[in-house]
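Engineer: Pasting the sequence and the predicted coordinates here, then a few questions.
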Amino acid sequence: MSAPAASGTSPLPWLLLLLSVTTGLVDAISVLGLGKVFTANMTGNIVFLGFAAVGTPGFLVMPAVTALVSFLAGALIAGRLGRTLAGRPMRHWLLASALFETSLFWIAAVVAAGFDADLNAAVQSRAFGIYAIIALTGFAMGFRNGTVRQLKVPDLTTTVLTLTLTGVAADSSLAGGANLNLGRRLASVAAIFLGAAIGAVMVMQSGLVLPLVVVGALVLAGTAVCALHPVAAAPAAA
């Protein structure tokens, strides 16, 4: 399933840039508030898991495994939903996805409200909440990635920047290229940077609840605005 043919007026690139901001927020939440684990960036989790596997101090196996399994489950559900809604107006697919993703972030916020976000709090009293938030946000981001992958908008994955940065350099005029999608690529990098910075401030000053609520609100509001655009009325291609 994919988005209708791209056009200069499509709102999808703007929506995906907004979602990129939320990716930075989510990784700030997970790394700064939940310990050494990513719930949006699975490459980082594989690296952390390798560290933990050989007993590196400060790195644990279970947080990374929880995030990875949850992420894969979310991506699986997104793939199934996309195929189920193929041929229907794209707005139906986008709104259903946004509602589901937002509900996960807001449930995580409720869980976070039940314990002190201070990392110095007793581990036993926080363990359940931490793993629940890892699972919920990991599932949400897997679902997000599974959905965005099916949209097939070039250079806007909302999470992975390694290939984006590679493209900036490899397709640059210095490399003999035409600076393909340079503005979009740089905007994607800036969006995740901005989200991470804002998320770090929120986590350090107010804990986990506020950034989790903000992520859900941005996902829902941004998708709702996108769904109002005439392009979103077209059926999504299988």
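Structural biologist: Looks like it came in fine. Numbers count the residues shown, from 1 in each chain.
Engineer: From residue 180, how far off is the closest residue to residue 140 other than its chain neighbours?
Structural biologist: The spatial neighbour of residue 140 that comes closest, neighbours along the chain excluded (C-beta to C-beta, 6 or more residues apart in numbering), is residue 104 at 4.0 Å. All C-beta atoms are positioned from the backbone trio N, CA, C, and that covers glycine. Using C-beta to C-beta, to the nearest Å, residue 104 is found at 35 Å from residue 180.
Engineer: One more: residue 146?
Structural biologist: Counting by C-beta to C-beta, the gap from residue 146 to residue 180 is 26 Å.
Engineer: that older thread, for residue 104 and residue 180, work out which one has more neighbours and name it.
Structural biologist: residue 104 (24 against 14; other C-beta atoms under 10 Å).
Engineer: Now whichever strand or helix holds the more buried one - C-alpha only, PDB.
Structural biologist: Taking DSSP states H and E as the criterion, residue 104 maps to helix 90-113. Taking C-alpha atoms only, helix 90-113 is exported to PDB below (Å, rounded to 0.1, in the frame of the first residue of the first chain):
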ATOM      1  CA  MET A  90      -5.900   7.400   2.300                       C
ATOM      2  CA  ARG A  91      -7.300   9.600   5.100                       C
ATOM      3  CA  HIS A  92      -9.000   6.600   6.600                       C
ATOM      4  CA  TRP A  93      -5.700   4.800   6.800                       C
ATOM      5  CA  LEU A  94      -3.800   7.800   8.200                       C
ATOM      6  CA  LEU A  95      -6.500   8.600  10.800                       C
ATOM      7  CA  ALA A  96      -6.800   5.100  12.000                       C
ATOM      8  CA  SER A  97      -3.000   4.800  12.300                       C
ATOM      9  CA  ALA A  98      -2.700   8.200  14.100                       C
ATOM     10  CA  LEU A  99      -5.500   7.300  16.600                       C
ATOM     11  CA  PHE A 100      -3.900   4.000  17.400                       C
ATOM     12  CA  GLU A 101      -0.400   5.500  17.800                       C
ATOM     13  CA  THR A 102      -1.600   8.400  19.900                       C
ATOM     14  CA  SER A 103      -3.500   6.100  22.200                       C
ATOM     15  CA  LEU A 104      -0.300   4.100  22.900                       C
ATOM     16  CA  PHE A 105       1.600   7.300  23.700                       C
ATOM     17  CA  TRP A 106      -1.100   8.600  26.000                       C
ATOM     18  CA  ILE A 107      -1.500   5.300  27.800                       C
ATOM     19  CA  ALA A 108       2.300   5.400  28.300                       C
ATOM     20  CA  ALA A 109       1.800   8.900  29.800                       C
ATOM     21  CA  VAL A 110      -0.700   7.500  32.300                       C
ATOM     22  CA  VAL A 111       1.700   4.900  33.300                       C
ATOM     23  CA  ALA A 112       4.500   7.500  33.700                       C
ATOM     24  CA  ALA A 113       2.200   9.500  35.900                       C
END
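Engineer: No further queries at this time; thank you.
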